[in-house]
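>>> Just a sequence and a predicted model for now, questions to come.
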Amino acid sequence: AQSVTQLGSHVSVSEGALVLLRCNYSSSVPPYLFWYVQYPNQGLQLLLKYTSAATLVKGINGFEAEFKKSETSFHLTKPSAHMSDAAEYFCALSSGGSYIPTFGRGTSLIVHP
Amino acid sequence: KAGVTQTPRYLIKTRGQQVTLSCSPISGHRSVSWYQQTPGQGLQFLFEYFSETQRNKGNFPGRFSGRQFSNSRSEMNVSTLELGDSALYLCASSPGTSGVSTDTQYFGPGTRLTVL
């Protein structure tokens, strides 16, 4: 079985500070990993995805994530937070040829001025 | 390109009723997936349709069903509504041609269903 754990249901940062959202996964086969963002009253938007190519993945809006197999992690980072980054962030996994994705419970990013 | 559209955006129903939600994918996309999002259970996969056939199914009771039409538009139906069915229902489309896990999914804004 596959699973995704997002550490921290809420993360609070100041504008301009580093953003770090944590995601750990469990999968018996090589995973494909995704980060999505959801703004209020909207659907999910893909930020970036890892599909077994480069382990450091760059996404939209200045976000990036690094796949670390030894740590079974795929943490999302951004060097400098903007107020517009305030949203819900979801880590997701699919693997083994299965289309059915597994989502983490989400992390709400709060950005203080 | 127009994005994924879902109608209606909001619905209020009572227990025991049934409901049909609609999703129009991005032009050219053949795969449509449905998800249920609730504060308690998070995001859960319902099912995926590709070329009018259900290709993948999540772990939901038979009260939840769907279909896809030849133009790739999809509908989801929930019969005999229960209070616990109150949720945001999200639809996502993708080209679907890779068949599996690496496709980027494009999500619609969702339908907010409230069951009273």
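Cool, got the structure.
>>> Around chain A, which positions in chain B sit nearby?
B:4, B:42-45, B:48, B:55-56, B:58, B:90-92, B:99-102, B:104-110 (CB under 8 Å from any CB of the partner chain). Backbone N, C-alpha and C define where each C-beta goes, glycine included.
>>> Name all residues that make contact with B:Pro28.
Careful, residue B:28 is Gly; it's not Pro. B:Pro95 (CB atoms under 8 Å, 6 or more residues apart in numbering or on different chains).
>>> B:Ser70 too?
B:Glu52.
>>> Would you check how far apart it and B:Thr14 are?
33 Å (CB to CB, to the nearest Å).
>>> same question, B:Lys57
Applying CB to CB to B:Lys57 and B:Thr14 gives a distance of 27 Å.
>>> So B:Gly84 lies in a helix, does it not?
Yes: under DSSP: H, G, I helix; E, B strand; the rest coil, B:Gly84 sits within a helix.
>>> Run a quick neighbour tally on B:Thr114.
Applying other CB atoms under 10 Å in any protein chain shown, we find 13 residues neighbouring B:Thr114.
>>> Which strand residues bridge it?
Beta-bridge partners recorded for B:Thr114 (DSSP bridges): B:Ile12.
>>> isn't A:Pro31 right next to A:Val4, touching?
No: contact criterion CB atoms under 8 Å: A:Pro31 and A:Val4 do not qualify, at 9.2 Å.
>>> overlap in contacts of the two?
Joint contacts of A:Pro31 and A:Val4 (CB under 8 Å, 6+ apart) are A:Tyr25, A:Leu93.
>>> Residue of chain B closest to chain A, please.
Residue nearest to chain A within chain B (CB to the nearest CB): B:Phe107, separated by 3.2 Å.
>>> separation between the closest residue to that residue other than its chain neighbours and B:Gly84?
Nearest non-adjacent residue to B:Phe107, counting by CB to CB, 6 or more residues apart in numbering or on different chains: A:Gly43, 3.2 Å away. With distances taken as CB to CB, A:Gly43 is found 22 Å from B:Gly84.
>>> These two: which is more packed in?
Higher neighbour count among A:Gly43 and B:Gly84: A:Gly43, with 22 against 10, using other CB under 10 Å.
>>> quick one: contacts for the more buried one?
Neighbouring residues of A:Gly43 by CB under 8 Å, 6+ apart: B:Val4, B:Leu90, B:Cys91, B:Ala92, B:Phe107, B:Gly108, B:Pro109, B:Gly110.
>>> Widest-spaced pair of those?
Farthest apart among these by CB to CB are B:Ala92 and B:Pro109. That separation is 11.3 Å.
>>> Neighbours of residue 65, how many?
I'll assume chain A. Around A:Ala65 there are 26 residues (other CB under 10 Å).
>>> should've been chain B
B:Ser65, neighbours per other CB under 10 Å, totals 16.
>>> Test my guess that it contacts B:Ser74.
No: using CB under 8 Å as the test, B:Ser65 is too far from B:Ser74 to be in contact (11.2 Å).
>>> For chain A, which segments are assigned as strands?
Taking DSSP state E as the test, the strands found in chain A are A:3-7, A:10-14, A:19-26, A:31-38, A:44-50, A:56-58, A:64-68, A:73-78, A:87-95, A:102-103, A:107-112.
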